[in-house]
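In: I would like to see how this sequence folds:
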Amino acid sequence: MAIGLLSFQTTIAQPATLKGIGVHSGQPVTMSFLPADADTGIVFHRQHANGSVTELRAVASQVGNTDLSTVLGFSPANWVATVEHVMAAIYSLGLDNLIVEVDGPETPVMDGSSAVYIDAIEQAGIVSLDVKRRYIRVVKPVRVENGASWAEFRPYEGTRFEVEIDFDCPLIGRQSWQGDLTPENFKRELSRARTFGFMRDVERLWAAGLALGSSLENSVVISDDDKVVNVEGLRYADEFARHKTLDAVGDLALAGAQFIGSYRSYRGGHKMNSMALKALLSDPSAYEVVEAPGARRGQARAREFVAVNAPGFAPWTA
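Out: Numbering: from 1, shown residues only. Next up, the predicted model:
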């Protein structure tokens, strides 16, 4: 299928602010989206109590820990954790340039999905800028494996995700989601899928100082007898696979540019997503940098994009 892709860069029309708690720290956090000029990219500003600011570009080279969430930065004193749900909303809505101010060590988890971020961005509005958007187009397969888990990029005329999970839990089992990524598809099919966890892991995580902000308000919790604890139940019958796909969208948003291609994974997660993205970007023969031909506004078909001589265009290394 030939998917329409935006030809020019975008940013948010006006600031938007959200308040919540960090899912791991359990501490209150305020996050603001601010407009940014063309070619700024997505940049996080970690604001400290003493008034100083740590700048972290949302790119693959800045990814630190990926054990339970995706972290930008390498020091707890300066990093911003759990960026994947925010980045999934930013990427799926086609935002290229944005300053994200955060006054704590992680983003607010809100309801455990991307829905609140989507609403905030759409209410603020999105505007087109006068600079062309460049894409990373996959031109040959790239695959990474780790035990029974694997992930790969393949050429495709659009942006597609095929994510399969396989849990030793009768409630989850083997599930998959696949589809082309468009703003409409993401909002309808993925944006409301929440993070999930098991009751049996709670004490271990708390002892490690993690999941201190996790609750039934922001997570799907699975009991020891493999049932959903949340009174409302599941939002989708396959919410677990959909949330893993949402995570993958957010993790791959750290490419530093929108990509044209298909991403497939089996039993993946943040670490596998990061490994696959870094494998793709470290192989210049696996992708090319492209943009829409001419000065046409709006959308163009993926096959119409042309390679550009852009040796300095590598935002993922910043």
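
In: sec struct for the residue lying farthest from the centre of the chain, please.
Out: Residue farthest from the centre of the chain, counting by C-alpha atoms, centre = their mean, is Asp225 at 31.3 Å. Under DSSP: H, G, I helix; E, B strand; the rest coil, the three-state class of Asp225 is coil.

In: Where do the helices of the stretch 201-318 of the chain begin and end?
Out: Secondary structure of the stretch 201-318 of the chain (DSSP state H, counting those that start in this stretch): helices located at 202-207, 239-252, 270-281.

In: Can you pull out the low-pLDDT segments for the stretch 151-300 of the chain?
Out: 295-297 (pLDDT under 70).

In: same thing but at 90, please
Out: For the stretch 151-300 of the chain, the stretches flagged by pLDDT under 90 are 201-213, 292-300.

In: Okay, strands next: where are they in the stretch 1-150 of the chain?
Out: Here the stretch 1-150 of the chain has its strands, by DSSP state E, counting those that start in this stretch, at 4-6, 8-12, 16-21, 28-34, 42-47, 53-57, 98-102, 126-132, 135-138, 142-146, 149-154.

In: can you put those strands in a markdown table and add distance to Gly256?
Out: Where C-beta positions appear, they are placed from N, C-alpha and C, glycine not excepted. A markdown table is the format used below for these (distance: least, C-beta to C-beta, whole Å):
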| stretch | distance to Gly256 |
| --- | --- |
| strand 4-6 | 16 |
| strand 8-12 | 13 |
| strand 16-21 | 23 |
| strand 28-34 | 18 |
| strand 42-47 | 8 |
| strand 53-57 | 8 |
| strand 98-102 | 13 |
| strand 126-132 | 15 |
| strand 135-138 | 8 |
| strand 142-146 | 16 |
| strand 149-154 | 15 |
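
In: Same list, the ones you listed, but as JSON lines with mean neighbour count and distance to Val290 please.
Out: Output for those, formatted as JSON lines (neighbours: other C-beta atoms under 10 Å; distance: least, C-beta to C-beta, whole Å):
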{"stretch": "strand 4-6", "mean neighbour count": "18", "distance to Val290": "10"}
{"stretch": "strand 8-12", "mean neighbour count": "21", "distance to Val290": "14"}
{"stretch": "strand 16-21", "mean neighbour count": "16", "distance to Val290": "31"}
{"stretch": "strand 28-34", "mean neighbour count": "19", "distance to Val290": "28"}
{"stretch": "strand 42-47", "mean neighbour count": "20", "distance to Val290": "20"}
{"stretch": "strand 53-57", "mean neighbour count": "16", "distance to Val290": "22"}
{"stretch": "strand 98-102", "mean neighbour count": "21", "distance to Val290": "22"}
{"stretch": "strand 126-132", "mean neighbour count": "14", "distance to Val290": "10"}
{"stretch": "strand 135-138", "mean neighbour count": "23", "distance to Val290": "5"}
{"stretch": "strand 142-146", "mean neighbour count": "16", "distance to Val290": "17"}
{"stretch": "strand 149-154", "mean neighbour count": "20", "distance to Val290": "15"}
